[in-house]
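[1] my questions concern the predicted model and sequence given below.
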Amino acid sequence: MATDVMLKQGNVELLQATVLCPGKFIALVSGDVGAVRESVENGYDFDAPFAISKFILPNAHPSILPALTATTTTEVKGSLGLIETVDAASAVIAGDVAAKAAPIHLIEIRLARGMGGKAFVFLCGELPAVEMALNTASHHLAGEGVIIATSVISSPHPRLKF
C-alpha cells in the first residue's frame, strides 16, 4: 500500500518493489529529485511505525539502474570487487559511491532475498581502480556500520560465475 501511495502522489517511475525476506519489503523509484523526495516521504509516512529506512540518491551514477536491474552488459574484465552490506539501501549507496570514485564498471547490485535483507555489489576494472572504489565506498559508509565485507579478486578465473 505504501508503494501505491508513492506512485499516486509522486510523478515517479517504479523500478522495483519486492519482498527481500520475511518482514522486509523494498520499493525503488526514480525520477526528478523533487518528485522522488515527495514520493518517498509519502510512502514512508503512510506506515511510519513499520518503515525501517528511506533514502534519496540525487544524481545517481548512470550505471546504478542497469546494475540494480541486472541489465548491464559489462563482463568481468580485470579485477573483480565485491561489497557486502547489511541492507539493500547501503548497497545502492555503496555502488554509487564506488562508481563515482574510480573508473570501474558496476556489474550488479544484488538485493539478496531471504538473507535478512543483505545486499551485494559486484564491480570490475583495473586493480588500482577497484581497490580505490572499494576503499572509498567503505570509508563513506564506515560511520554507519553497514559494510559487512569487501573483497578483491585480482585475476578471477574466466569461469567464475556469481
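    Arrived safely, thanks for sending. Numbers count the residues shown, from 1 in each chain.

[2] from now on I want contacts and neighbour counts done on CA atoms only, so please keep to that.
    Fine.

[3] worst-scoring helix or strand of the chain, pLDDT-wise?
    Lowest by mean pLDDT, DSSP states H and E among the helices and strands of the chain is strand 13-21, with a mean of 84.

[4] partner strands of that one, parallel or antiparallel?
    strand 24-30 (antiparallel) (DSSP bridges).

[5] in the strand it pairs with, what counts as buried?
    For strand 24-30, a neighbour-count test (16 or more other CA atoms under 10 Å) marks 26-30 as buried.

[6] how far does that strand sit from its chain's centre?
    Chain-centre distance of strand 24-30: 11 Å, with CA atoms, centre = their mean, to the nearest Å.

[7] tally of neighbours for residue 70?
    14 (other CA atoms under 10 Å).

[8] is it in contact with residue 111, as I believe?
    No: with contact defined as CA atoms under 8 Å, residue 70 does not count as touching residue 111 (10.6 Å).

[9] residue contacts, residue 28?
    Neighbour list for residue 28: 14-17 [criterion: CA atoms under 8 Å, 6 or more residues apart in numbering].

[10] now it, which residues is it bridged with?
    Taking DSSP bridges as the rule, residue 28 bridges to residue 16.

[11] quick check: end-to-end length of stretch 69-88?
    Using CA to CA, to the nearest Å, one end of stretch 69-88 lies 13 Å from the other.

[12] residues in contact with it?
    63, 66, 91, 94, 105-109, 111-112, 116-127, 130-131, 134, 146-156.

[13] inside strands: which ones of those?
    Judged by DSSP state E, those include 105-109, 111, 119-125, 147-153 as members of strands.

[14] what's the burial count for residue 37?
    If you count neighbours by other CA under 10 Å, residue 37 ends up with 22.

[15] which non-adjacent residue is nearest it?
    In this structure, residue 37 finds its nearest non-sequential neighbour in residue 56, 6.5 Å apart by CA to CA, 6 or more residues apart in numbering.

[16] wouldn't that neighbour be in contact with residue 38 here?
    No: Residue 56 lies out of contact with residue 38 (CA under 8 Å); the separation is 10.1 Å.

[17] give me the low-pLDDT residue ranges for this structure?
    Confidence mapping of the chain against pLDDT under 70 gives the ranges 114-117, 162.

[18] what's the burial count for residue 160?
    Residue 160, neighbours per other CA under 10 Å, totals 7.

[19] ramachandran angles for it?
    When read as degrees, to the nearest 10, the backbone of residue 160 gives phi -60, psi 120.
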